[in-house]
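Enquirer: requesting a structural model of the entry that follows:
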Amino acid sequence: MPTEKVKVLIIGSGPAGFTAAVYAARAGLKPVLYQGGQPGGQLTITNDVENYPGYPDGVMGPQMMVDFQKQAERFGTDVRSGMVTSVDFSGWPHKVTVDERDEIEAEAVIISTGASAKWLGLESEQRLNGKGVSACAVCDGFFFRGQDVVIVGAGDTAAEEASYLSKIVNKVYMLVRRDEMRASKIMQQRVKNAPNIEILWNTETKEVLGGEEVEGVKVVNTQTGEEKTIEAQGFFVAIGHKPNTDIFKGWIDMDEQGYIKAIPGTSKTNVPGVFATGDAMDKVYRQAVTAAGTGCMGALDAEKWLAEKEVELAEA
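Expert: As a prediction, the model looks like this:
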């Protein structure tokens, strides 16, 4: 099969990827977008989205991603199903393999592969995902105002999310597996000082209880083996995220967790003509609206870079 040549290749289809596509398509760059293993990204497993501007009544996550896709296609984005399985950024144009067989040469590449929340691996957790189980307190905490919730985790993210929830809900039960937290001292203090956060040390989740929605959590004390049930309407998992960046290892500079390092204030990576957007490079905010913002940056940076490259080639 001959190698296909494209001007701008976008890898990933969340808010970052589709926003990059809207901007690149309107600039006449004829972007090709591969949706990846989870078309629409993390928002497709989110029920109500109430914090994205322009949807005054809120919107279902999957519907929002359909809207993003329609807008990108309206301007001529070629949206394809398929998974980018390997890349070769040793020369230019950049070489990309899709589904381990189709070869593509791209003048510019925009990475929008996102990140995946880490889960505990319980059947009940997955079954009730979006029905009271969440991996984002900032996204979903509002739906549990005045109720009781459980949060799992012991790092800075868990402490931050527990503090956030404590301002909205009635009671937060924080499950910590050991007898100490990994969070920074200041974050630990904030959690311990909140009157409605109860920390349960040496405690693990056994099962999330409920039929159609979360009704409680069965926990076990890792030292005594004693089990008990906590009545709660929400269950938040805050044990970290994993950026979906493995295929770029060895080519793109990343931090120790695998998040892509972009040149501050830009979407540029260490490889000229390759740009990083969304949760693949943002471990701080991880919101749909911030991902969309970086998608815009990626497309504008790519457009400028391609224009400069054209001048450079013309003068060569």
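Enquirer: I'd say K171 and N196 touch.
Expert: Yes. Using C-beta atoms under 8 Å, K171 is in contact with N196, at 5.2 Å. C-beta: built from backbone N, CA, C; applies to glycine.
Enquirer: and these two? which has more neighbours close in?
Expert: More crowded of K171 and N196, by other C-beta atoms under 10 Å: K171, with 18 against 14.
Enquirer: which one is that one nearest to, not counting chain neighbours?
Expert: Take K171 and drop its neighbours on the chain: the residue closest to it by C-beta to C-beta, 6 or more residues apart in numbering is D148, 4.5 Å away.
Enquirer: contact partners for the one you found?
Expert: Neighbour list for D148: V169, N170, K171, V172, Y173, I230, E231, A232, Q233, G234 [criterion: C-beta atoms under 8 Å, 6 or more residues apart in numbering].
Enquirer: tabulate those residues (a markdown table), appending distance to E303, pLDDT and secondary structure.
Expert: Rendered in a markdown table, the data for the contacts of D148 read as follows (distance: C-beta to C-beta, whole Å; pLDDT from 0 to 100; DSSP: H, G, I helix; E, B strand; the rest coil):
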| residue | distance to E303 | pLDDT | secondary structure |
| --- | --- | --- | --- |
| V169 | 44 | 97 | coil |
| N170 | 49 | 98 | coil |
| K171 | 50 | 98 | strand |
| V172 | 45 | 98 | strand |
| Y173 | 49 | 98 | strand |
| I230 | 52 | 97 | strand |
| E231 | 54 | 98 | strand |
| A232 | 48 | 98 | coil |
| Q233 | 47 | 98 | coil |
| G234 | 43 | 97 | strand |
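Enquirer: ranking those by neighbours, who comes first?
Expert: Result: V172 is most packed of these (other C-beta under 10 Å), 29 neighbours.
Enquirer: ok, back up a step: nearest to G141, of the contacts of D148?
Expert: Comparing those against G141 with C-beta to C-beta places V169 closest, at 7.0 Å.
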